[in-house]
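Engineer: starting from these lines, generate the structure:
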Amino acid sequence: MSTASNPYRGFRFPAEIISEAVWLYHCFSLSLREVELMLAARGVEVSYETIREWGLRFGRDFANTLKRRRSKPGDKWFLDEVFIRIRGKQHYLWRAVDQNRVVLDILVQSRRNTKAAKRFFRKLLKGLRYAPGVVVTDKLKSYAAAKREMKLDSEHRQSRYLDNRCEVSHQPTRRRERHMKRFKSSRQAQRFLSIHSRIHNHFQLRRHLISASEYRTARARALAGWREVTGLAQVS
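Structural biologist: Residues are numbered from 1 along each chain as shown. Prediction:
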């Protein structure tokens, strides 16, 4: 990697340590202090506040690069929303996944009405630049109203159980929410979860659905992709 394009220039620690810290924090349910302790066990003396700054500085770039590098998602979207409590006030986390459980996008909002559903639809369509063939949701009427107002031609399937794929994808978020003792603001939740969902999703290989050899190949591919995203492939 050339000096001019090196994003790690000026940092005291090398790229390997910085990317390792960001990876640990966003891929596993670890607190900043636990990541600090794990790095200390490896002989790296760094404070949890520094790790926080690394996550803010590099996490967004890593997540955006992973999003650009991923193959085109499927045309069957599963949408769901769960409540999250922020400073005593109830908010809603809207999430969309495709038929392969790839997280398409998330959005934290304070409402669960038609206006909020339209805003989430617009965010999805702007980011993916194509309309789905099928949209699967629960029986919340806001989805149908928003789809009708936006004149989407996609088939809409509403059922209490059909969107289980999306409901299951909320589980890593719930674990992080408990571990972080809830989010401090809607902005912090949106920023963290948009990074976490893409990095965490990159390493979810569905081990129970593939053979051991396929899993090893997929794991090696995921790790190699991470090295390219973080710039370690060029550094080495």
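Engineer: what residues sit buried inside the longest strand seen in the chain?
Structural biologist: As assigned by DSSP state E, the longest strand anywhere in the chain is strand 76-86. For strand 76-86, the neighbour count (16 or more other C-beta atoms under 10 Å) marks K76, W77, F78, L79, D80, E81, I84, I86 as buried. The C-beta positions use only the backbone N, C-alpha and C, and glycine is treated the same way.
Engineer: closest to the centroid, which residue in the protein?
Structural biologist: The chain has S197 as the residue nearest its centroid, 1.3 Å off, counting by C-alpha atoms, centre = their mean.
Engineer: skip the chain neighbours and tell me the closest residue to that residue.
Structural biologist: In this structure, S197 finds its nearest non-sequential neighbour in V103, 4.6 Å apart by C-beta to C-beta, 6 or more residues apart in numbering.
Engineer: count the residues that sit near the one you found.
Structural biologist: The number of residues packed around V103, counting by other C-beta atoms under 10 Å, is 24.
Engineer: isn't it right up against V97?
Structural biologist: Yes - using C-beta atoms under 8 Å, V103 is in contact with V97, at 5.4 Å.
Engineer: which residues do these two both contact?
Structural biologist: Counting by C-beta atoms under 8 Å, 6 or more residues apart in numbering, the shared contacts of V103 and V97 are S169.
Engineer: now for this structure, the helix or strand with the poorest mean pLDDT.
Structural biologist: Least confident helix or strand, the chain: helix 232-235 with a mean of 64, by mean pLDDT, DSSP states H and E.
Engineer: can you pull out the helices in the chain?
Structural biologist: Taking DSSP state H, the helices of the chain run over residues 15-27, 32-41, 48-69, 114-128, 141-149, 164-169, 171-179, 186-202, 212-230, 232-235.
Engineer: can I get the longest one as PDB, trimmed to CA atoms?
Structural biologist: Presented in PDB, the C-alpha positions along helix 48-69 are these (Å, rounded to 0.1, in the frame of the first residue of the first chain):
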ATOM      1  CA  TYR A  48     -10.600   0.900  25.400                       C
ATOM      2  CA  GLU A  49     -11.100   4.600  24.500                       C
ATOM      3  CA  THR A  50      -8.600   4.200  21.700                       C
ATOM      4  CA  ILE A  51     -10.400   1.100  20.500                       C
ATOM      5  CA  ARG A  52     -13.600   3.100  20.500                       C
ATOM      6  CA  GLU A  53     -12.000   5.700  18.300                       C
ATOM      7  CA  TRP A  54     -10.700   3.000  16.000                       C
ATOM      8  CA  GLY A  55     -14.200   1.700  15.600                       C
ATOM      9  CA  LEU A  56     -15.600   5.100  14.800                       C
ATOM     10  CA  ARG A  57     -12.700   6.000  12.400                       C
ATOM     11  CA  PHE A  58     -12.400   2.700  10.500                       C
ATOM     12  CA  GLY A  59     -15.600   0.800  11.100                       C
ATOM     13  CA  ARG A  60     -17.800   2.800   8.700                       C
ATOM     14  CA  ASP A  61     -15.200   2.500   5.900                       C
ATOM     15  CA  PHE A  62     -14.900  -1.200   6.400                       C
ATOM     16  CA  ALA A  63     -18.700  -1.700   6.400                       C
ATOM     17  CA  ASN A  64     -19.200   0.400   3.300                       C
ATOM     18  CA  THR A  65     -16.500  -1.500   1.500                       C
ATOM     19  CA  LEU A  66     -18.000  -4.800   2.400                       C
ATOM     20  CA  LYS A  67     -21.400  -3.600   1.200                       C
ATOM     21  CA  ARG A  68     -19.900  -2.600  -2.200                       C
ATOM     22  CA  ARG A  69     -18.000  -5.900  -2.600                       C
END
